[in-house]
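**Q** sequence unknown, structure follows:
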């Protein structure tokens, strides 16, 4: 069963006051507090603030499986809002990036996560460097990666996408807004450049993720896998 959680930008203290004395205590922010508390079954709470903090932590970590989501995200990299959102989604809890950011603030307030600034990571290869950058930012554009990683970043990204390590998705406001979703077996066989007859046979001639051009050496029409500089890259988080 999938659940959707909307997390307001409120402190634990504010949530406690709303649960103890009613959401009207927070003025205009009371409605968002009430929705969040209702989703957790904490509409009314008559105990102390310390007891509220313990119960809030229990319901977030255990009932919503966010403890498992945090552990899952930690295996991929530093826990960012994007990674936490993906990890929670893999466990059946849908949280937007903004809600995940607010949730991390609440978890830090509860003393359950610690914000650290990593000084350096050992990245001996371009792949290591690319993955480290994506993990540290949560989400990054191809343009940004090409500023920091040497070599053919787009070819490397496709290889990582083939291996299920990253997701590549177009800018929602750009000409190619959707994800890179070409048949992986096709790219595994032909690589980044695919003969026209193969593309036509597979019914992919109109795919926005394939770019048609004429090979100067052979004079034949071919299609290349299109990864744009405004595409967004995220690490893949999966359960198990």
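**A** Yep, that arrived. These numbers were taken from a predicted model, which means no experiment stands behind them.
**Q** which residues are in contact with stretch 73-92?
**A** The set of residues external to stretch 73-92 that reach it, using CB atoms under 8 Å, 6 or more residues apart in numbering, is 1-3, 5, 64-66, 68-70, 72, 94-101, 103-104, 113, 116, 118, 131-132, 134-139, 234-239. All C-beta atoms are positioned from the backbone trio N, CA, C, and that covers glycine.
**Q** which stretches of the protein form helices?
**A** Residue ranges of the helices in the chain, as given by DSSP state H, are 12-21, 30-40, 49-58, 66-76, 81-90, 97-109, 126-137, 142-148, 153-162, 184-190, 196-201.
**Q** so of those helices, which one's packed in deepest?
**A** With neighbours taken as mean count of other CB atoms under 10 Å, the helices of the chain reach their highest mean count in helix 81-90, at a mean of 24.
**Q** could you check the angle helix 66-76 makes with that one?
**A** Helix 81-90 runs at 120 degrees relative to helix 66-76, counting by axes from the mean of the first three to the mean of the last three CA atoms, to 10 degrees.
**Q** now helix 81-90 and helix 126-137, what's the angle there?
**A** Between the axis of helix 81-90 and that of helix 126-137 there is an angle of 90 degrees, by the same axes, to 10 degrees.
**Q** averaged pLDDT, helix 81-90. What do you get?
**A** Along helix 81-90, the predicted confidence averages to a pLDDT of 90.
**Q** likewise stretch 164-182?
**A** In this model, stretch 164-182 carries a mean pLDDT of 94.
**Q** repeat for stretch 133-144
**A** For stretch 133-144, the mean per-residue pLDDT is 89.
**Q** break the protein down into its domains, please.
**A** For the chain, the structural domains run 3-109, 126-235, going by automatic domain parsing.
**Q** now the most centrally placed residue in the chain: closest residue in space, sequence neighbours ignored.
**A** For the chain, the residue sitting closest to the mean C-alpha position, by CA atoms, centre = their mean, is residue 82 at 3.4 Å. On the basis of CB to CB, 6 or more residues apart in numbering, the spatially nearest residue to residue 82 that is not a chain neighbour turns out to be residue 138, at 3.3 Å.
**Q** how near is that neighbour to residue 26?
**A** Residue 138 sits 29 Å away from residue 26, taking CB to CB, to the nearest Å as the criterion.
**Q** torsion angles phi and psi at the nearest residue to residue 2 once chain neighbours are set aside?
**A** What sits nearest to residue 2 in space, not counting adjacent residues and going by CB to CB, 6+ apart, is residue 92, at 5.0 Å. Dihedral angles of residue 92 (phi, psi; degrees, to the nearest 10) stand at phi 90, psi 10.
**Q** residue 92: neighbouring residues, count only.
**A** Using other CB atoms under 10 Å, residue 92 is surrounded by 13 other residues.
**Q** what do you get for residue 232?
**A** Residue crowding around residue 232 was assessed by other CB under 10 Å; the count is 20.
**Q** shaky segments in this structure?
**A** 116-122, 240 (pLDDT under 70).
**Q** check contacts around the nearest residue to residue 179 once chain neighbours are set aside.
**A** Here the nearest residue to residue 179 in space, its sequence neighbours aside, is residue 169; by CB to CB, 6+ apart that works out to 4.4 Å. Residue 169 makes contacts with 177-180, 231-232, 234, as judged by CB under 8 Å, 6+ apart.
**Q** TSV for those, including distance to residue 78?
**A** TSV is the format used below for the contacts of residue 169 (distance: CB to CB, whole Å):
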residue	distance to residue 78
177	28
178	28
179	24
180	24
231	22
232	18
234	14
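**Q** which of the residues you listed are buried, as a PyMOL select command?
**A** Buried residues among the contacts of residue 169 (16 or more other CB atoms under 10 Å), as a PyMOL selection:
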select buried, resi 180+231+232+234
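**Q** residue 214: which of the contacts of residue 169 is nearest?
**A** When the contacts of residue 169 are compared for distance to residue 214, the smallest value, 23.5 Å, is given by residue 180; criterion: CB to CB.
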